[in-house]
Each structure stands twice: as C-alpha cells, then as structure tokens.
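A.B. asks: need a 3D model of the following:
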Amino acid sequence: MFFPVDDIDAIQASILRTLASAHRLRIIHQLGVGPCEVNELARELGLSQAAMSQHLAAMRAVGLVEAVRDGRAVRYELCDPEILAACSLMRSALVRRLSRLGELAAAAGQPAASTILSSKVGHP
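C.D. replies: Below is the predicted model of the structure:
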C-alpha cells in the first residue's frame with residue numbers, strides 16, 4: 001500500500017503527539033514486558049483505572065496499542081514490538097546526552113543538576 005510522504009508525516013506526528021506524555025511512555029515500557037489488563041497497568045503505574053483507560057483509548061486511536069479479549073478479560077498489548085524499540089532508542093539517546101552533560105559539569109566543577117537544568121536538553 002502506498003501513502004504519500006505528507007500523509008505518513010502527518011500520521012507520525014499524530015503518534016508522536018500521543019506519546020508526548022510521561023504516563024504513556026511508561027505504559028509503552030510496561031506493555032513491552034507483556035500484555036496487561038487495565039487494572040494491572042493502573043496499579044503498576046500508580047494511576048486510577050479511569051485515567052489509565054483514557055490513556056489507552058488515546059493510544060488505541062493512533063494504533064500504538066490494541067485490546068485483545070481473552071474470555072471476560074481484556075488485555076492491552078503493543079501493536080508492534082518496534083514501538084518499544086523506538087521509545088527505548090530515544091531513551092538511550094537521552095541518557096547518553098544527560099551523561100555527557102553530567103561529565104561536562106563535573107569537568108567544570110559544577111553540580112550536574114544545575115548544568116542539566118540550565119541547558120536546553122532538546123538542542124545539541
């Protein structure tokens with residue numbers, strides 16, 4: 001199936017907007033361990049069941065997760081394992097960046113936290 005580049009860019013932007021939430025990133029990493037029911041996810045991540053349901057609905061809408069019925073139970077799982085790989089790759093890049101900033105702060109004799117907070121983490 002062929003999608004024009006503009007359409008793919010728009011879809012990707014929509015997915016990334018949905019992932020622009022610490023809770024949703026934690027959900028991705030939790031589902032990377034394996035499928036979970038809403039109440040399990042809520043308990044593991046310290047959210048109310050209602051809040052978890054709202055996050056999962058938003059993630060379902062853009063195709064990040066899917067609900068799989070198993071009898072009376074409904075478990076959520078990642079639609080594609082590469083979703084976790086992409087999030088993990090970004091997390092690794094962030095950890096490397098923070099580590100470099102910490103090393104720079106140490107070399108300058110300043111506390112790492114002040115360097116990290118004063119720098120623009122989103123910019124090289």
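A.B. asks: can you name the farthest residue from the center of this structure?
C.D. replies: Most distant residue from the mean C-alpha position of the chain: residue 109, 33.6 Å away (Cα atoms, centre = their mean).
A.B. asks: quick check: domain ranges of this structure?
C.D. replies: Here the chain is described, according to automatic domain parsing, as comprising the domains 5-79, 83-118.
A.B. asks: export the ones you listed to JSON lines and tack on mean pLDDT?
C.D. replies: Shown next, in JSON lines, are the domains of the chain (pLDDT from 0 to 100):
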{"stretch": "domain 5-79", "mean pLDDT": "95"}
{"stretch": "domain 83-118", "mean pLDDT": "82"}
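A.B. asks: give me the distance between the residue nearest the centre of the chain and residue 83.
C.D. replies: By Cα atoms, centre = their mean, the mean C-alpha position of the chain lies nearest to residue 25, the distance being 2.2 Å. Residue 25 sits at a distance of 11 Å from residue 83 (criterion: Cβ to Cβ, to the nearest Å). Using the backbone N, CA and C atoms, a C-beta is placed for each residue, glycine as well.
A.B. asks: swap in residue 17?
C.D. replies: 15 Å.
A.B. asks: buried residues in the helix or strand harbouring residue 101?
C.D. replies: Residue 101 belongs to helix 81-108 when elements are defined using DSSP states H and E. Neighbour-count burial for helix 81-108 flags 83, 84, 87, 101, 105 (criterion: 16 or more other Cβ atoms under 10 Å).
A.B. asks: next, count neighbours for residue 69.
C.D. replies: 8 (other Cβ atoms under 10 Å).
A.B. asks: equivalent analysis for residue 49, please.
C.D. replies: Neighbours of residue 49 (other Cβ under 10 Å): 13.
A.B. asks: so who does it touch?
C.D. replies: Contacts for residue 49 (Cβ atoms under 8 Å, 6 or more residues apart in numbering) come out as 38, 39, 42.
A.B. asks: closest to residue 4 among these?
C.D. replies: Of all the contacts of residue 49, residue 38 has the smallest distance to residue 4: 36.1 Å, by Cβ to Cβ.
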